[in-house]
Every structure is written in C-alpha cells, then in structure tokens.
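Undergrad: Curious how this folds, go ahead:
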Amino acid sequence: MKNSLILVCLIVVASLLSSETRNPDKPLKGNWDFKLRKVWEVREAGDDVFGEPGALLISDDGTVYCHDAKNMRHYIFSKDGEFVKSFGDRGEGPGEVRNFWESELFLIDDKLVIADAGRIHYFSRKGKFVKSEINNLFRRRPVHFLTPYKFIYSPIYKREMPDGIGKIVLYDLQTKIDRVLIQFHLSDAGTITVGNTRYSFDIGGLTPMMTVACFDKKLYYGLNDQYQITISDLDGKILHRFSLDSRKKKISAEAKRKLFKTWGEKPEIVEKMIESTPNELTHFVRIENHRKLIYVYRAFFGPYQKTQSTDIFSPHGKYLYKAELRAGDASFFYLTHLKNLLIQGGYLYAFLSDENDEINLVKYMLDLPAMASLK
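TA: Residues are numbered from 1 along each chain as shown. Alright, predicted model coming up:
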C-alpha cells in the first residue's frame, strides 16, 4: 500500500511538471505602458552611415555591439552612444567575417563571439581578435552559449532541415560531441517547384520557424505557427507548457506581392511564393526574460514597423500584460530576425528608420513590470 501511494505521488508530480497553462487572449492585468524616454540617438558609426544593421548585443556595462550587412563590419558604441571602433570586417582572414546576413553576436564570460558561416570567432570585449574555431553555421546555428565552447544550436530555416526534421542540440566544440535535446517537424510552407527543381525559402512572419531561448538554466521554445511555448531543462526534460488562444493576423496576397517584388524575383516566381506561403502571420519571433517575466515578441511582416507588439507572461506562463513598443510619429522600427530591437538593463535599444530611409540607433529608458508588482 505504501509503495502504491509513493507511485501515485510520483505520477502526480510528473504530471504537474509537464502541465500546460492555457490562456485566453485577454491579459489578466490589461495593457502595459513602457513609457519610452529617449536617452540618445546615433546617426553614424564613425565615418559610416547605417545601411542594413542588425545583431544588437548589449553588455552588462551598457556597451553596445552590432553589425551592418551593407557596410560589412561590426561596431562598438559606449553606454553613452559614443562610437568606439569597428572590427570584424568582411573577409576570409583571421577575425574577418564571411556572411553578415546570417552571423550573430554573443557574449560569454570575457569573450565576444561571432557565429559566422564557417567559423566561430572569439574577440575580447574591446573587439580584439583572439582565435577562430571551425563550425558550420547551417548545420549548427548557435542560439545560446553555456560556456565559450559549449552552445545550444537549432535550425531556423527550412533549407537547414531538408527532410523537414529539426533538432535542438547541445554541442561541445572541443569534444565535437552532439547531444540531442528536442526533435521537431517543420511544415512544407514556403516550398515551390521551378521546372524540375524544388526550392525552399523562409520569410519571417509567414513561414513557420522554431524559436528558441535559454535563461535561468531552462530552454523556452516553440514552433511559431502555434502559440504554444514549451519550457524544459537543459537535458530536454519538459517542465511546463503555456499557450495563448490568439487569432493570427491576415496577410493579403497583394501585401505579399508588394514585398516579394522588392527582392527582384521574377513575376512567375513571385506568384509561386505567394501561393506557397500562408495568408496569415505566425504568432511570435522571439522569447526573452526581463525581471523574471517572459516576453514574447509578436511576428511582423516586412522590415519597417510602427510598433512591436509584446505579450508578457509570468514565470509559469500566465498571460499578464499586452504591450506595444512604439517607434514614434515619424519613425519606423527597422526589424529583422537578427535582433534589431532589444531590451536590456531597463533600456530599449533599437534601429529606427525615418521618412527619408535614414537609419539611426536609439536608446530609450523604459518602465518594465516587476515580479514584486504582481503580488
């Protein structure tokens, strides 16, 4: 009898650990006002004007790092917005970057890390090159570094999953050992046939992608064509799920056609792309943690957006606030998948585009909800 009771208790505990919080599309505490106040604005990086910037990264002392795919170099700014230096230019040599469209920036311990197409580059926090390690970005795309040489990777593009199956994996650069944590299947949205050749393409906001974040020694992940986020430990054991009963935003064929034409595709290819992509947005593009609350950034379509909608959840996935970051009357957020907008240390950092298509880096002070206010 005693053993039976112990077994029942274990089953109940396991059930609670892998339970789901289901939320209606109505926040418990209403709307949150971030109350943005501009701190500084930067129009240039030394002699360069911003062309296609991205990969924002902020250190614990407020130093700002980013790159620019058009200018093909990385930049460092002080916490006060003063330009410090450029580094990591385009090239094939030591510390030079091959692919600015895909590369990401990370900070781990005292190292600044650039995940490039074929290598991982290590720099000091001041931008001095240290060394590189071989890594295939399109097979092992880092999403989070646990140590300088251990990272979690996951594909985000269909072309990285030719069989439609993706994995979230822990990888050790030194031992070359993979440890699969999660496995998932991606739909065929965004696949077209031209002649006898089948192509896959990915469009942020339309084609489903796996979104992965790591904080507090936990993984937060979800395929963004459903509004469900899973929380697991770093061994892949599922702890909890939360979901939001939210309707997707409709996207017209004309809106898709207008964007796809700007990419220079042939008209017949554009029409195939329109037919193969959903007529509604995916749910989200990024998951973050601020003051122990979970921020889920809503999906967007196209790079220029007046607002960035954000849902804020409790640590256990209860839907607390609906919030919007607003660019201002004459400005647009310049948004891409490479973190062109980032909250860090009680500030918002973002790239803004004005009516003349000039792009600026802006720092705002903002108000964030805290756990203490929820009691």
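Undergrad: where does the stretch 251-375 of the chain have low pLDDT?
TA: Where the stretch 251-375 of the chain drops to pLDDT under 70, the residues are 372-375.
Undergrad: again, 90 this time
TA: Residues of the stretch 251-375 of the chain meeting the criterion pLDDT under 90: 256, 258-270, 272-278, 301-305, 327-331, 333-340, 354-357, 370-375.
Undergrad: Please, where are all the helices along it?
TA: Taking DSSP state H, counting those that start in this stretch to define them, one finds helices in the stretch 251-375 of the chain at 253-261, 267-276.
Undergrad: Okay, helices next: where are they in the stretch 1-150 of the chain?
TA: Ranges of helices in the stretch 1-150 of the chain, per DSSP H, counting those that start in this stretch, are 2-17.
Undergrad: residue ranges with poor pLDDT in it?
TA: 1-18, 95, 99-103, 137-139.
Undergrad: center of this protein - which residue?
TA: In the chain, the C-alpha nearest the mean C-alpha coordinate belongs to Arg286, at 4.3 Å (C-alpha atoms, centre = their mean).
Undergrad: sorry, back to before: of all the helices of the stretch 251-375 of the chain, which lies closest to Ile359?
TA: With C-beta to C-beta as the measure, helix 253-261 is the member of the helices of the stretch 251-375 of the chain nearest Ile359 (18.4 Å). C-beta coordinates here come from the backbone N, C-alpha and C atoms, glycine included.
Undergrad: Contacts made by that closest one with the rest, please.
TA: If you take C-beta atoms under 8 Å, 6 or more residues apart in numbering as the criterion, helix 253-261 is touched by Leu206, Val270, Glu271, Met273, Ile274, Thr277, Asn279, Phe301, Gly302.
Undergrad: Of these, just say which sits nearest to Asp47.
TA: Out of these, the member with the shortest distance to Asp47 (by C-beta to C-beta) is Gly302, at 29.6 Å.
Undergrad: Spatially, what comes nearest to the closest one if we skip its sequence neighbours?
TA: Counting by C-beta to C-beta, 6 or more residues apart in numbering, Leu259 is the residue found nearest to Gly302 once chain neighbours are left out, at 5.5 Å.
Undergrad: burial count for that neighbour?
TA: When neighbours are defined as other C-beta atoms under 10 Å, Leu259 has 19 of them.
Undergrad: Tell me how far it lies from Tyr75.
TA: To Tyr75, Leu259 is 28 Å away according to C-beta to C-beta, to the nearest Å.
Undergrad: Repeat that for Tyr149.
TA: Distance of Tyr149 to Tyr75, given as C-beta to C-beta: 26 Å.
Undergrad: Could you check which of these two has the larger neighbour count?
TA: Under the neighbour definition other C-beta under 10 Å, Tyr149 and Tyr75 were set side by side, and Tyr75 has more, 25 against 16.
Undergrad: Helix, strand, or coil at Arg159?
TA: Secondary structure state of Arg159, per DSSP: H, G, I helix; E, B strand; the rest coil, is helix.
Undergrad: Please name the nearest non-neighbouring residue to it.
TA: Nearest residue to Arg159, sequence neighbours excluded (C-beta to C-beta, 6+ apart): Ser200, at 5.2 Å.
Undergrad: Would you enumerate the residues in contact with Phe215?
TA: For Phe215, the contact set (C-beta under 8 Å, 6+ apart) comprises Glu288, Asn289.
Undergrad: returning to that earlier point: residues contacting the residue nearest to Arg159?
TA: For Ser200, the contacting residues are Tyr157, Lys158, Arg159, Pro162, Gly190, Thr191, by C-beta under 8 Å, 6+ apart.
Undergrad: Per-residue pLDDT of the second one, please?
TA: pLDDT recorded at Lys158 is 71.
Undergrad: Next, the buried residues of stretch 352-364.
TA: For stretch 352-364, burial by neighbour count (16 or more other C-beta atoms under 10 Å) applies to Leu352, Ser353, Ile359, Asn360, Leu361, Val362, Lys363, Tyr364.
Undergrad: now the strands: where do they sit in the stretch 151-300 of the chain?
TA: With DSSP state E, counting those that start in this stretch, the ranges of strands along the stretch 151-300 of the chain come out as 165-172, 177-185, 191-194, 197-200, 210-215, 218-223, 228-233, 238-245, 284-290, 293-298.
Undergrad: Including distance to Ala323, could these go into JSON lines?
TA: Converted to JSON lines, those look like this (distance: least, C-beta to C-beta, whole Å):
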{"stretch": "strand 165-172", "distance to Ala323": "28"}
{"stretch": "strand 177-185", "distance to Ala323": "28"}
{"stretch": "strand 191-194", "distance to Ala323": "35"}
{"stretch": "strand 197-200", "distance to Ala323": "34"}
{"stretch": "strand 210-215", "distance to Ala323": "18"}
{"stretch": "strand 218-223", "distance to Ala323": "18"}
{"stretch": "strand 228-233", "distance to Ala323": "17"}
{"stretch": "strand 238-245", "distance to Ala323": "14"}
{"stretch": "strand 284-290", "distance to Ala323": "11"}
{"stretch": "strand 293-298", "distance to Ala323": "8"}
